[in-house]
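Participant: can you look at this prediction? I've put the sequence above it.
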Amino acid sequence: MIDWESLRAIVLDIEGTTCPVDFVTGSLFPYARQHLGALLSQADQQAPLKPLLEEVHNAWKQETAAEAPAYSDSQDPLALLPYLQWLIDQDRKLAPLKELQGLTWRHGYQSGALSTPLFADVAPALKQWHQRGLRLAVYSSGSVAAQQLFYGHTSDGDLSGLFERWYDTRLGPKKEAQSYTLLAADLQLPAGAVLFISDSSGELAAAQAAGLQICGSQRPGNPETLSAEWPVVVSSLEAMAPSRPPGLR
Ligand SMILES: [Mg+2]
C-alpha cells in the first residue's frame, strides 16, 4: 500500500514506466546511432563535447569486454564511433554516452523527427499530483538533458515544467540503494516521504532498501513481469491514487 499521508514527492523512471520501452529501443537508440557520426564530425567546433569525448576514451581504454572494438588512441573524434555504437548496441549505461545521445536527440526533437509517445494516463496523473502539491522528479538512466527533451516534446505537449528535479546515473547506479538515499537527501525529505515508480525489480528493490515507498509499473511491452512480491504494481498511473488522498488537496 502507498502511504499517501506521508508522501511528499514522486520520482519516476521513464522507460517502461511513462513511455513504451519500444520508443527508446526502436526510435531513440537508432536515431542516436545514426546521427552520432555527424555530431562527432563537428566536435572541433563544439567545446562542450571535449570532456565527454575524453571520458569515452578513458572508458574504452579500460574496457574489459573481449567483444568490444579494439581500442584506438587516435585523437580524431570519429575514431570513437565504433566503440560508441557498440555501447549503444549493448545498452551500456555510460554517462558520457548518454550525454552524447542526448545531443543528437536535441536536433531530432527540435526538427520534429522525434516526439515522445507517453502512455495516455501519464500526463493526467502528473498534472493531478503536481496540482496537489506533490513534488515530482525524474530518475532515469538517460541523461538529464535527454530527460528534459523527452518531457519537453511529448504527445501531450511540454510537460517539463511539472518536474522539480532531474536525476540520471551521475547520481549513482539505479540498482544501488545508496543512489536512493542520496536522492531523498537531495530532496531534503525523509526516504519514506518519497515514492519511486519503476518497471525494474532491481531498481524497486534498491529504492525499497533505502526506505523509499515503491510502486511497480507493468506496461505492455515491458521486458519484466513484476511478481506479486511487490506491494503495489499498476498498469496506469492515473488509477493508482485514491481519488482524494488523505492529507493532500
Ligand atoms: Mg524502466
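Facilitator: Great, that's in hand. Numbering: from 1, shown residues only.
Participant: okay, how far is it across stretch 22-31, tip to tip?
Facilitator: By CA to CA, to the nearest Å, the extent of stretch 22-31 from end to end equals 13 Å.
Participant: and what of stretch 4-12?
Facilitator: This stretch, stretch 4-12, spans 16 Å end to end (CA to CA).
Participant: list the buried residues for it?
Facilitator: Trp4, Leu7, Arg8, Ala9, Ile10, Val11, Leu12 (16 or more other CB atoms under 10 Å). For every residue, glycine as well, the C-beta is placed using N, CA and C.
Participant: least confident of these?
Facilitator: Across these, the smallest pLDDT goes to Trp4, namely 92.
Participant: longest single helix anywhere in this structure?
Facilitator: Ranked by residue count under DSSP state H, the longest helix found in the chain is helix 95-111.
Participant: which residues touch Pro190?
Facilitator: Ala184, Gly211 (CB atoms under 8 Å, 6 or more residues apart in numbering).
Participant: if I look at it, how far off is Arg165?
Facilitator: 16 Å (CB to CB, to the nearest Å).
Participant: and the closest residue to Asp89 other than its chain neighbours, what element?
Facilitator: Spatial nearest neighbour of Asp89, chain neighbours left out: Arg33 (7.9 Å); criterion: CB to CB, 6 or more residues apart in numbering. Using DSSP states H and E, Arg33 sits in helix 29-41.
Participant: quick one: distance of that helix to the chain centre.
Facilitator: Distance, stretch centre to chain centre, for helix 29-41: 19 Å (CA atoms, centre = their mean, to the nearest Å).
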